[in-house]
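Engineer: Quick check, what structure comes out for this input:
(2 chains)
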There are 2 protein chains.
Amino acid sequence: MQAAMLRLLPMTHIADPRAFRLACREGRFALPTHGQAPGCEQANLVILPRDWADEFLRFCVRNPRPCPVLGVTEPGEVTMHGVADGLDLRHDLPRYRIWRDGAMVEEPTSIAHAWRDDLVAFALGCSFGFESALHAAGLTPRHMRTGSNVPMFRTNIACTPAGRFHGPLVVSMRPYTAREAIEAVQITARYPASHGAPVHLGDPSLIGIADVARPDYGDAVPMEPGEMPVFWACGVTPQAAIAAARPPFAITHAPGFMLVTDRRLPG
Amino acid sequence: MQAAMLRLLPMTHIADPRAFRLACREGRFALPTHGQAPGCEQANLVILPRDWADEFLRFCVRNPRPCPVLGVTEPGEVTMHGVADGLDLRHDLPRYRIWRDGAMVEEPTSIAHAWRDDLVAFALGCSFGFESALHAAGLTPRHMRTGSNVPMFRTNIACTPAGRFHGPLVVSMRPYTAREAIEAVQITARYPASHGAPVHLGDPSLIGIADVARPDYGDAVPMEPGEMPVFWACGVTPQAAIAAARPPFAITHAPGFMLVTDRRLPG
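Structural biologist: Okay, the predicted model is just below:
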């Protein structure tokens, strides 16, 4: 095995978030971030030119459940106060996506070559936080057991628009019994930076979902007798709003390759 | 007593927030809002031209403890989704302040004459919510007992700047015994839209306060033996940042004459 490959072997437990980001920066880590820096929040990254960023921030603030803002930069700034100490946004994620006119044009491990002084970066909460908490409470989400992606659905609930950004609320679904669902509500309510409590449970048609066996994104998961679907606001919501708005330039994390923050999850 | 005066008599319990706002709109209420629509959040109002508003929203998001954003409008919009049903921002507060180049030029009961299509409005959480909860728990803040304004202090903690907005964190102080302080932490932590848990307790010099008997804003309150000062982030923080930035035009609520929202306080 070559040294270059050895350097990219899964290092399943880089405990310290700063050490993890440094490993990304130095090219020593280029894998999905799940399980890294356990106990720290991971975040979706969105980078937009300033004139689009102002409208996008309004969109997030007006739709906090799907778009919890953990941090926002000044135009051109590559650090993010209160989110990640010593962060350099251009290097510290293991993989990015660069978009032009709504199309993905590159999936690089650094965005230094694409950086511009008018770019504003957003860290948005993701579901890793509350999923860890559900797992720790014995309520491991079904898709984690089946090793698939969480099933996600477009709903008939419209986000509050802001400028050029609009679209439906997208939700993720995890099946639970009623007793488990009640516990899951209480657990996830403690994670507002990670989408918080569910937005719906029970009859999917009430939020415009025709068939829970046919998700719009991700993979279907089996439902057991006595279980109901429980729906949480999902970070695909802002991604879908950005895709629909088609800004001329944008950068995001690559799916699963998140921004690992210093923020501790609620204990 | 004349009819016009009768119409302005304190109506101490307009229970419904929408009815309360309508009373303001129709000129039937022009007094401070404390005690109105009990159980509903009240909010600070800030209105800025769009080019300043974008930077101010970043300032708020980067400093959520002193500047909890309950709502933000699209430019020119006079309603505020999710905050107050049927709101007309131009009429529905009992009193406003209009600012030009950092100086207060007018204190009207309507801002229809000053409205512009480029104005963006912010509703920011205020301390009424958690003070009601403290009172309900038998921890009535001292200044409410003495009938004075809460004492407020500039700290040596710098807010994270955003664009032209910067300045120190301003805190409010309420004295409690250690046992009461521990309870007050738990109660106010449940009100993140109302500044949340304290930012400091005990030795005031650790956050740059030389003398708790000499507040920078509001009134001093007596401290009893065995009490310590407990400090919460304060809504004067964004006001001070705006005053320092001196935008050419701004509108705010008049002190004590808040935006009464439909949002229910946590029970």
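
Engineer: in what helix or strand does the residue of the stretch 1-150 of chain A found nearest chain B lie?
Structural biologist: Residue of the stretch 1-150 of chain A nearest chain B, by Cβ to the nearest Cβ: A:Asp54 (3.9 Å). All C-beta atoms are positioned from the backbone trio N, CA, C, and that covers glycine. According to DSSP states H and E, A:Asp54 maps onto helix A:50-62.

Engineer: And that helix, what's buried?
Structural biologist: A:Trp52, A:Ala53, A:Asp54, A:Glu55, A:Phe56, A:Leu57, A:Arg58, A:Phe59, A:Cys60, A:Val61, A:Arg62 (16 or more other Cβ atoms under 10 Å in any protein chain shown).

Engineer: I'd like the distance between the residue of the stretch 1-150 of chain A closest to chain B and B:Ala53.
Structural biologist: Counting by Cβ to Cβ, to the nearest Å, the separation of A:Asp54 from B:Ala53 is 8 Å.

Engineer: Per-residue pLDDT of the closest residue to chain B within the stretch 101-250 of chain A, please?
Structural biologist: Per Cβ to the nearest Cβ, A:Thr160 is where the stretch 101-250 of chain A lies closest to chain B, at 4.7 Å. With respect to pLDDT, A:Thr160 scores 96.

Engineer: Test my guess that the residue of the stretch 1-150 of chain A closest to chain B contacts B:Asp51.
Structural biologist: No: using Cβ atoms under 8 Å, A:Asp54 is not in contact with B:Asp51; the gap is 9.2 Å.

Engineer: would you list every one of the strands in chain A?
Structural biologist: Per DSSP state E, chain A carries strands over the ranges A:40-49, A:69-72, A:96-100, A:103-106, A:119-125, A:152-158, A:168-177, A:200-201, A:227-233, A:249-253, A:259-264.

Engineer: could I get those as JSON lines with distance to B:Gln36 and mean neighbour count?
Structural biologist: As requested, those are exported to JSON lines (distance: least, Cβ to Cβ, whole Å; neighbours: other Cβ atoms under 10 Å in any protein chain shown):
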{"stretch": "strand A:40-49", "distance to B:Gln36": "38", "mean neighbour count": "25"}
{"stretch": "strand A:69-72", "distance to B:Gln36": "31", "mean neighbour count": "24"}
{"stretch": "strand A:96-100", "distance to B:Gln36": "48", "mean neighbour count": "18"}
{"stretch": "strand A:103-106", "distance to B:Gln36": "52", "mean neighbour count": "12"}
{"stretch": "strand A:119-125", "distance to B:Gln36": "34", "mean neighbour count": "25"}
{"stretch": "strand A:152-158", "distance to B:Gln36": "31", "mean neighbour count": "18"}
{"stretch": "strand A:168-177", "distance to B:Gln36": "32", "mean neighbour count": "24"}
{"stretch": "strand A:200-201", "distance to B:Gln36": "33", "mean neighbour count": "20"}
{"stretch": "strand A:227-233", "distance to B:Gln36": "32", "mean neighbour count": "23"}
{"stretch": "strand A:249-253", "distance to B:Gln36": "44", "mean neighbour count": "22"}
{"stretch": "strand A:259-264", "distance to B:Gln36": "37", "mean neighbour count": "22"}
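
Engineer: can those strands go into CSV with extra columns for distance to B:His13?
Structural biologist: Formatted as CSV, the strands of chain A follow (distance: least, Cβ to Cβ, whole Å):
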stretch, distance to B:His13
strand A:40-49, 43
strand A:69-72, 37
strand A:96-100, 54
strand A:103-106, 57
strand A:119-125, 39
strand A:152-158, 35
strand A:168-177, 37
strand A:200-201, 35
strand A:227-233, 36
strand A:249-253, 50
strand A:259-264, 42
